[in-house]
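Asks: please find the sequence and the predicted model below.
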Amino acid sequence: MATRCTKLTEKLSRVFIVVLLVSSCIAFITGCGVTTGVSTPSQGNALISSQPMQNGEEKLRVSYIDVGQGDSILIQIPNGKNVLIDAGENDQGDKVVSYIRSQGVKRLDLTIWTHPHSDHIGGADAVTKAFDIGQIVMPKQTSSTQSFRSLLTAISQKGLKITEAKAGLKLDLGSEVKAEMLAPNSTQYEEVNDYSAVLRLTYGQTAFLFTGDAQSESEQEMMNAGYDLRADVLKVGHHGSRTSTSAAFLARVQPEYAVISVGNDNDYGHPTVNTLTRLQKAGVSLYRTDESGTVVAESDGKNITFTVGRTSQ
C-alpha cells in the first residue's frame with residue numbers, strides 16, 4: 001500500500017493532474033462492433049518470441065505477456081499500429097521491452113497504463129524510455145509510489161502528454177479496428193483497482209475486452225451504463241481475484257475464451273476458486289500465463305486462434 005505523500009510527490013501529482021486537464025482535442029473514431037462465435041483455438045509449444053508479425057499479415061495479434069504476478073498486453077494491428085496495455089512489475093520492464101522488440105515493433109502508437117499499481121506500471125518507465133510513443137492514456141488517479149514517480153518522470157523527459165482514461169473515450173487506431181474505453185465511469189472510488197481503464201476492441205466480427213484490475217463496482221457501472229460488453233476473449237480482471245468477474249458480468253460479456261495473467265504460486269491466492277468456478281460454469285475456455293507462459297491470440301476478423309509457449313526473455 002502507498003505511504004503518505006512527500007512534498008515532492010504532491011508536486012508531481014499536481015503536475016500530473018494539470019497535464020491531464022490540458023491534454024485534449026484528440027481525434028477519435030466512433031462506433032462499436034458486434035461479436036460472433038469463434039473457432040476452436042489451436043495450441044502449440046512454439047517459442048512465442050521467435051514469431052514476429054510479418055508485414056502485410058492480415059491478422060490482429062494480442063500477446064498476453066508472461067510477466068509473473070502482473071499484466072502486460074501487446075496488441076498488433078494489421079495496419080501496423082501497436083498498443084501496449086501495462087508493463088508488469090519494476091523487474092519486468094526489460095523483459096517487456098525485449099518481447100516488444102522481438103515482435104518487430106519499433107513504435108507504440110498507444111500505451112494504456114490501466115491504474116497506478118506497481119504490478120501494472122512498474123515496467124512502464126522502461127517502456128516509455130525505450131520506444132517512440134504516440135499517445136499515453138491513464139486514469140486520473142495518482143500514487144506516492146516510486147513506480148508512479150518514475151513513470152511521470154519518464155513521460156516528462158520525453159515531452160509527452162497524458163490523455164485521461166474514462167468511459168466513452170474512443171481511440172483512433174485506424175479504420176480496421178474500433179476501440180472504446182468502457183471504464184472508469186466515476187471519479188471517486190474506495191478501491192484503486194476500480195479506477196482501471198477498461199478497453200473493448202473489435203476487429204471484424206471478433207471482440208476483445210481488457211479489464212485491468214476492475215472489480216465488482218466498476219463492472220456494475222459498466223453494466224448499468226448499457227455498454228456492449230460482449231467479447232470473444234476476456235482478459236480476466238485482477239488476476240482472477242474473487243472481487244472481479246462476477247457471474248452477472250460474465251453473463252453480459254459472454255466470452256468464449258478468457259486469459260488470466262498471474263504469477264505462479266503467488267501470495268494472493270490468484271486465481272481464486274470462486275472465479276475459476278464461475279468461468280467453468282459459463283463454459284469459458286481458459287488460458288493462464290502461470291501455466292502456459294505468454295499466450296498469443298490471433299484474429300482474422302472471423303476466427304480466433306491461440307498459441308501458447310514459454311518465451312526466452
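Replies: Nice, thanks for sending it over. What you see is a predicted model, and the numbers here were worked out from it, not measured in a lab.

Asks: what's Gln146 sitting at in phi/psi?
Replies: phi -60, psi -30 (degrees, to the nearest 10).

Asks: Thr163 contacts Gln135, correct?
Replies: Yes. Thr163 lies in contact with Gln135 (Cβ atoms under 8 Å); the separation is 6.1 Å. In short, each C-beta sits where N, CA and C put it, glycine included.

Asks: run through who's touching the helix or strand encompassing Ala248.
Replies: Counting by DSSP states H and E, the element that carries Ala248 is helix 247-253. Applying Cβ atoms under 8 Å, 6 or more residues apart in numbering, the external contacts of helix 247-253 come out as 209, 216, 219-220, 222-223, 229-231, 234, 278-279, 281-282, 284.

Asks: just the residues you listed: which are in strands?
Replies: Leu209, Leu234 (DSSP state E).

Asks: quick check: the two most widely separated of the contacts of helix 247-253?
Replies: Pairwise distances across the contacts of helix 247-253 (Cβ to Cβ) peak at 21.0 Å, for the pair Met222 and Lys281.

Asks: looking at these two, which one has more neighbours?
Replies: The neighbour comparison of Met222 against Lys281 (other Cβ atoms under 10 Å) goes to Met222, with 23 against 10.

Asks: show me where pLDDT drops low in the chain?
Replies: Within the chain, the stretches with pLDDT under 70 are 1-57, 310-313.

Asks: could you rerun that using 80?
Replies: By pLDDT under 80, the weakly predicted segments of the chain are 1-57, 309-313.

Asks: can you give me the helices in it?
Replies: 7-22, 93-102, 118-121, 124-130, 146-157, 216-225, 247-253, 273-281, 289-292 (DSSP state H).

Asks: tell me which of these is the most buried.
Replies: Of all the helices of the chain, helix 118-121 has the most neighbours on average by mean count of other Cβ atoms under 10 Å, namely a mean of 25.

Asks: now it, how far from the chain's geometric center?
Replies: Mean-position distance between helix 118-121 and its chain equals 11 Å (Cα atoms, centre = their mean, to the nearest Å).

Asks: contact partners of that helix?
Replies: By Cβ under 8 Å, 6+ apart, helix 118-121 touches 69-71, 86-90, 113-115, 145, 147-148, 151, 212-213.

Asks: now the buried members of those.
Replies: 69-71, 86-90, 113-115, 145, 147-148, 151, 212-213 (16 or more other Cβ atoms under 10 Å).

Asks: now intersect those with the strands, please.
Replies: Short answer: those have none in strands (DSSP E).

Asks: any idea how far the most centrally placed residue in the chain is from Ile65?
Replies: Here the mean C-alpha position of the chain is nearest to the C-alpha of Ile85 (Cα atoms, centre = their mean), at a distance of 3.7 Å. Applying Cβ to Cβ, to the nearest Å, the value for Ile85 to Ile65 is 10 Å.

Asks: need the overlap of contacts for the two.
Replies: With Cβ under 8 Å, 6+ apart as the test, Ile85 and Ile65 both reach Ser72, Ile73.

Asks: how about the CA coordinates for stretch 144-151, as CSV?
Replies: Output of stretch 144-151 as CSV, limited to C-alpha atoms (Å, rounded to 0.1, in the frame of the first residue of the first chain):
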residue,chain,number,x,y,z
SER,A,144,3.0,8.2,-4.0
THR,A,145,4.9,5.1,-5.0
GLN,A,146,8.4,5.2,-6.7
SER,A,147,6.9,3.3,-9.7
PHE,A,148,4.4,6.1,-10.3
ARG,A,149,7.0,8.8,-9.8
SER,A,150,9.4,7.1,-12.2
LEU,A,151,6.7,6.8,-14.9
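
Asks: pretty sure Ile112 contacts Val137?
Replies: Yes. Between Ile112 and Val137 there is a contact under Cβ under 8 Å: 4.8 Å.

Asks: so for the two, which residue has more residues nearby?
Replies: Remark: of Ile112 and Val137, Ile112 carries more neighbours, 27 against 23, as counted by other Cβ under 10 Å.
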